[in-house]
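# Sharing a model that was predicted from the sequence below.
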Protein chains: 2
Amino acid sequence: MKKYQYVVSQIQKRIENGLYPPQSLLPKQEELASEFSVSKMTIKRALDVLTHDGQIFKKSGLGTIVLGGTDLLESRDAPANAFDGLTMQQGSAHVTSKIIRFTSTSNVPEIVYQRLSLATTTPLYDIIRLRLLDGQPFILEHTYMPVEMMPSLSESVVKGSIYRYLHEDLKIDFGGARRRIQAAEAMDLDVKYLGAKINTPILEIEQVVWTSLGKNIEYSKSRNLYDTRAYNIIEINDG
Amino acid sequence: MKKYQYVVSQIQKRIENGLYPPQSLLPKQEELASEFSVSKMTIKRALDVLTHDGQIFKKSGLGTIVLGGTDLLESRDAPANAFDGLTMQQGSAHVTSKIIRFTSTSNVPEIVYQRLSLATTTPLYDIIRLRLLDGQPFILEHTYMPVEMMPSLSESVVKGSIYRYLHEDLKIDFGGARRRIQAAEAMDLDVKYLGAKINTPILEIEQVVWTSLGKNIEYSKSRNLYDTRAYNIIEINDG
DNA sequence: TAGTGGTCTAGACCACAAT
DNA sequence: TTGTGGTCTAGACCACTAG
């Protein structure tokens, strides 16, 4: 384990234990550095992690303040870091998938190619899956992925975790994603598979995902009923 | 301007100009360091900024890759960094406010005190504002803020930008926020002020905001019609 | 003025990827 | 094996806050 990660874990523990209570000041960076026998830069790095996790706040010239319980998270919410895919977030024991469409084609809306920065002739998998949590309809996913990057994607993989297949078998890792979150009206598929009524509000997450090598690998829209899932974010004012 | 910020701006310019095109590798950190006459750590810091902005991706052992156009942003969307308040985001010339409620009270739902980590007897401003963009109803905001932190909040301030008042007059700066984004059904107020029909989907953003001194200063819910605004996020896989 | 966090350095050493 | 980015250091100096 890296030194700064160890420092993060220790300070986190102290905050949880009440040793550093909300609104109090942490020891100064110099003291922490000598206590943990690391350099001041390493302490700063550790505190940066805790800052971006919303646990503390640093103020130049003043000190480092412990934040109070500002949590908004509820069960089944997507965490701020929602990377792992649904299977990883909720535990594979609870997540199952029903395949509604699984084809490869280059006949898709042009916007998809634009978002993926690919030529309009590139073959894409066109996948619609209903994800169920403990057997209950939860999220309806419409995903496009370049065939070239995973030529032998099979129905059994799609029925399980594409993320796990990419990571474990193809050694492809996720690098990052842009997401766009909005509310939407229910469509036919929502009514048919999610159990929406004609007027049930839907939460839609549109995303472009790229790999750790910087290649776009996915464009997708995920939809869920308004009262089954929310999206959580922490934002820090650096400036 | 700090050195790493200068480096960020220069590299950004080169990406925009096509000097470092999408999918290409940047010069190695050592080269950039000698070109800009800064240390390697400073280059790394600059590249970290660009990484978290979704413009490049670094891979240990390989190099630094320029990402392609993965933008999802559309006009009137909230940016990934949505800190400044609506007035700042859209420009004050376009944003006006209609006050629907402006009182101080300690008779508010207990959840509000929980989220603010305050005693249930603390007086709070209870503010409902309709924010208009170019005269059109845009966002309906319900905000609670501790009276103690801004005892002389006036109706004219509330009609304009509370953010600007706190920053310029009270020298209170925002430190960070936790947000929870979800879809919701239209309520009476949405119908009355936003122009929602009884079944129009609503996008709701719930947030707790704290100051740069770590004190919770706001709990609010902002609602807009589903087709007028979305929320954008970039996520990076560090791990 | 004293005290805090922030920036920056020059260089040692480590971890990971391609060959 | 070579080359890339990552971690870490010890210390100089800067910027901001409080009294």
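Sure, I can see it.
# Please make it C-alpha for all contacts and neighbour counts, starting now.
Noted.
# Can you give the domain ranges for chain A?
Domains of chain A are assigned by automatic domain parsing as A:3-66, A:86-225.
# of those domains, which approaches B:Y6 most closely?
Among those, the nearest to B:Y6 by CA to CA is domain A:3-66 (21.2 Å).
# Contacts for stretch A:114-128 next, please.
Surrounding stretch A:114-128, the residues in contact under the criterion CA atoms under 8 Å, 6 or more residues apart in numbering or on different chains are A:99-106, A:110, A:113, A:140-148, A:208, A:216-219, B:68-72.
# sorry, back to before: lowest average pLDDT across the domains of chain A?
Mean pLDDT per stretch puts domain A:86-225 lowest among the domains of chain A, at a mean of 90.
# related to what we said a few turns ago, so which of the domains of chain A is the most packed in?
Highest mean neighbour count among the domains of chain A (mean count of other CA atoms under 10 Å in any protein chain shown): domain A:86-225, with a mean of 18.
# So the residue sitting furthest away from the middle of chain A: helix, strand or coil?
Here chain A reaches farthest from its C-alpha mean at A:S34, the gap being 36.0 Å by CA atoms, centre = their mean. A:S34 falls in the helix class when you classify it by DSSP: H, G, I helix; E, B strand; the rest coil.
# gap between it and A:I65?
The gap separating A:S34 from A:I65 is 20 Å, by CA to CA, to the nearest Å.
# one step back: what residues does the residue farthest from the centre of chain A make contact with?
For A:S34, the contact set (CA under 8 Å, 6+ apart) is empty.
# Of the contacts of stretch A:114-128, which are in range of DNA strand C?
Residues of the contacts of stretch A:114-128 in contact with DNA strand C (CA under 7 Å from any atom of the strand): none.
# what about stretch A:53-69 and chain B, touching?
Yes - using CA under 8 Å from any CA of the partner chain, we find that stretch A:53-69 touches chain B at A:G54, A:I56, A:F57, A:K58, A:K59, A:I65, A:V66, A:L67, A:G68, A:G69.
# Assign a three-state SS to the residue in chain A that DNA strand C sits nearest to, would you?
Closest contact between chain A and DNA strand C, by CA to the nearest atom of the strand, is at A:G61 (3.0 Å). Under the three-state scheme (three-state DSSP), A:G61 adopts coil.
# With just CA atoms, put stretch A:50-59 into PDB.
The C-alpha trace of stretch A:50-59 is given here as PDB (Å, rounded to 0.1, in the frame of the first residue of the first chain):
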ATOM      1  CA  LEU A  50      -9.900  13.300   1.900                       C
ATOM      2  CA  THR A  51     -10.800  16.700   0.600                       C
ATOM      3  CA  HIS A  52     -12.200  15.400  -2.700                       C
ATOM      4  CA  ASP A  53     -14.000  12.700  -0.800                       C
ATOM      5  CA  GLY A  54     -15.900  15.500   1.100                       C
ATOM      6  CA  GLN A  55     -14.500  14.600   4.500                       C
ATOM      7  CA  ILE A  56     -12.300  17.600   5.300                       C
ATOM      8  CA  PHE A  57     -11.700  21.000   4.000                       C
ATOM      9  CA  LYS A  58      -8.400  22.900   3.900                       C
ATOM     10  CA  LYS A  59      -8.000  26.600   4.200                       C
END
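# For it, which outside residues touch it?
With CA under 8 Å, 6+ apart, stretch A:50-59 has contacts from A:8, A:12, A:47, A:64-68, A:234-236, B:175-178, B:212-214.
# touching DNA strand C at all, it?
Yes - using CA under 7 Å from any atom of the strand, stretch A:50-59 comes into contact with DNA strand C via A:K58, A:K59.
# and that stretch with DNA strand D, contact?
Yes - with CA under 7 Å from any atom of the strand as the measure, stretch A:50-59 is seen reaching DNA strand D through A:K59.
# can you give me how far that stretch is from the chain middle?
With CA atoms, centre = their mean, to the nearest Å as the basis, stretch A:50-59 stands 20 Å off its chain's centre.
# what's the answer for stretch A:228-239, then?
Using CA atoms, centre = their mean, the offset of stretch A:228-239 from its chain centre is 12 Å.
# how about the helices of chain A, start to end?
Secondary structure of chain A (DSSP state H): helices located at A:3-16, A:29-36, A:40-52, A:86-90, A:110-116, A:155-159, A:162-164, A:188-189.
# for A:H167, what are its contacts?
Applying CA under 8 Å, 6+ apart to A:H167 gives the contacts A:D173.
# if I look at it, how far off is chain B?
To chain B, A:H167 is 13 Å away according to CA to the nearest CA, to the nearest Å.
# and that residue, how far is that from B:S212?
Distance from A:H167 to B:S212, counting by CA to CA: 40 Å.
# Quick check: closest non-adjacent residue to A:R179.
With CA to CA, 6 or more residues apart in numbering or on different chains as the criterion, A:R179 has its nearest non-adjacent residue at 4.4 Å, and that residue is A:Q207.
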